[in-house]
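got a predicted model here, sequence first, then my questions.
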Amino acid sequence: MSQVTRERWDLGGTQMEELLSDVARFKGESLWQDAWRRLKANRASWYALVFLMIFGGISLLAPVLPLPSPTAIDLQIEPQPPVAPWQELGNDGFRREYWDLNALDESLVDLRQLIFGDWQLSNWMGTDAKGRDILSRIIWGSRTSILVAIAATLCSLLIGVSYGAVSGFFGGRIDNLMMRIVDVLYSIPFIFVVIFLITIVNEYRTELEDSWGVNREVVFYVVIGAIYWLTMARVVRGQVLSLRETEFVEAARVIGASSARIVFVHLVPNVLSIVIVYLTLTIPAVMLFEAFLSFLGLGIEPPKVSWGLLAVDGSEVINPVRIYWWLIVFPAAAMGATLLALNVLGDGLRDALDPKLRGKD
């Protein structure tokens, strides 16, 4: 033992430098660092993430961009085809016509007029029969889809993760009761719930808005959020059931940690990888559901715009005589590209966060 100790402390300067360089070269990394490295190595998922960040930034900054107003009407005999950017970059025909914007969007539109004045881009993706610019309506409509997706995501995180973690941790009769409640909620045909709630809101719209500040959009967001936390709760419950008897949970119990601390400090962080992957797959489903409800007239109301309303406009111009293809192709391409990118990103995150693949290139 003494000889080993003496050799350890008798290392020369060169050997010490080599050991330190080896330590630096083989520096350890956390699960999230390893996942981020492998996500960047997956080109398809990385490009999907970059696309979503760019598209999300454009959507959120839509009031600042030199786009025509999405509601400015210029009645025409028929929709006008797209104009190539090299034929006409823009014009001075901007009209400030919007629905009731919030204070932030109003200030962003003020900034837009301060920067660009009345100049706006030409109709690069054409117009509809009412003269409204398709590119502007696609970008403004994506904001609605993003807001709905964020609402459903937050609802899934706050309700679904907490509900599923508590159910899985306590188990027994508590778990059985909580899961039966989920089963009952699953059995409810939510399309009829949406119709029922929207009908009530339309009947007492003025009273609800004046007394409670509840309008049709609020009900719409709440209903969609109430649907998509159920599956999240089941997913989290299954993971917590497999983790609650592990050594680190027993160690937390031994040192006197409370049940709430064990659930939210020790168990929930260990299921976040699966939660993140599931959320990337939930967002496309939420966007499609919003488009479906808006297509049926149960979602966003004009003059506001959403991808579902764009689908309605596109369906109205399909006839055997002539198809105005730009009213169908461009909105479908925007929605399809976004949903594809979300699914590709979700697939890449699933591989990147898989603990079985950790440390592998």
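Now that the structure is in, tell me what you want to look at.

just give me the neighbour total for E203.
10 (other C-beta atoms under 10 Å). Using the backbone N, CA and C atoms, a C-beta is placed for each residue, glycine as well.

where does it fall, phi/psi-wise?
Main-chain dihedrals, E203, degrees, to the nearest 10: phi -70, psi -40.

tell me the spacing between it and G164.
Applying C-beta to C-beta, to the nearest Å, the value for E203 to G164 is 36 Å.

got it, and Y204?
Taken as C-beta to C-beta, the span from Y204 to G164 is 35 Å.

between these two, who's got more neighbours?
Per other C-beta under 10 Å, whichever of Y204 and G164 has more neighbours is G164, with 30 against 13.

surely that one meets V235?
Yes: counting by C-beta atoms under 8 Å, G164 does reach V235; the two are 6.8 Å apart.

and A84, helix, strand or coil?
Recorded secondary structure, A84: coil (DSSP: H, G, I helix; E, B strand; the rest coil).

report how many residues lie close to it.
A84 has 9 nearby residues by other C-beta under 10 Å.

please apply the same query to G93.
Count around G93 with other C-beta under 10 Å applied: 13.

backbone dihedrals for it, please?
Per degrees, to the nearest 10, the backbone of G93 is at phi -100, psi 20.

same question, the one 5 residues further on
Summarising the backbone geometry of Y98 under the convention degrees, to the nearest 10, its torsions are phi -140, psi 170.

residues contacting it?
With contact set as C-beta atoms under 8 Å, 6 or more residues apart in numbering, Y98 has these partners: S69, P70, T71, D105, V109, P303.

okay, those in CSV with distance to K40, secondary structure and neighbour count next?
Output for these, formatted as CSV (distance: C-beta to C-beta, whole Å; DSSP: H, G, I helix; E, B strand; the rest coil; neighbours: other C-beta atoms under 10 Å):
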residue, distance to K40, secondary structure, neighbour count
S69, 39, coil, 20
P70, 36, coil, 22
T71, 41, coil, 19
D105, 34, helix, 16
V109, 37, helix, 17
P303, 42, coil, 15
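
including distance to A291, could those residues go into CSV?
Output for those, formatted as CSV (distance: C-beta to C-beta, whole Å):
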residue, distance to A291
S69, 22
P70, 17
T71, 19
D105, 22
V109, 26
P303, 18
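
for A44, state which of those residues is nearest.
P70 (32.1 Å; C-beta to C-beta).

my guess is that closest one meets S136, correct?
Yes: using C-beta under 8 Å, P70 is in contact with S136, at 4.5 Å.

now do the helices in the stretch 251-361 of the chain.
Assigned by DSSP state H, counting those that start in this stretch, the helices in the stretch 251-361 of the chain fall at 259-261, 268-295, 307-316, 326-352.

closest to L52 out of the ones you listed?
Nearest to L52, of the helices of the stretch 251-361 of the chain and by C-beta to C-beta, is helix 326-352 at 5.2 Å.

so for the closest one, mean pLDDT?
What helix 326-352 shows for mean pLDDT is 86.

what residues of that helix count as buried?
Across helix 326-352, burial judged by 16 or more other C-beta atoms under 10 Å covers 326-331, 334-335, 338-339, 341-342, 344-352.

tell me what that helix is packed against?
helix 31-41, helix 43-60, helix 134-155, helix 268-295, helix 307-316 (3 or more C-beta pairs under 8 Å, 6 or more residues apart in numbering; DSSP states H and E).

that helix versus helix 31-41: what angle between them?
130 degrees (axes from the mean of the first three to the mean of the last three C-alpha atoms, to 10 degrees).

please compute how far helix 326-352 lies from its chain's middle.
Computed by C-alpha atoms, centre = their mean, to the nearest Å, the chain-centroid distance of helix 326-352 equals 12 Å.

could you do stretch 215-232 as well?
With C-alpha atoms, centre = their mean, you get 14 Å for stretch 215-232.

switch to numbering from 705
In the new count, where the first residue is 705, that last one comes out as stretch 919-936.

give me the contacts around it.
851-852, 855-856, 858-861, 863-865, 867-868, 886, 889-890, 894, 897-898, 901-902, 905-906, 909, 912-913, 979, 982, 986, 989-990, 993-994, 997, 1002-1005.
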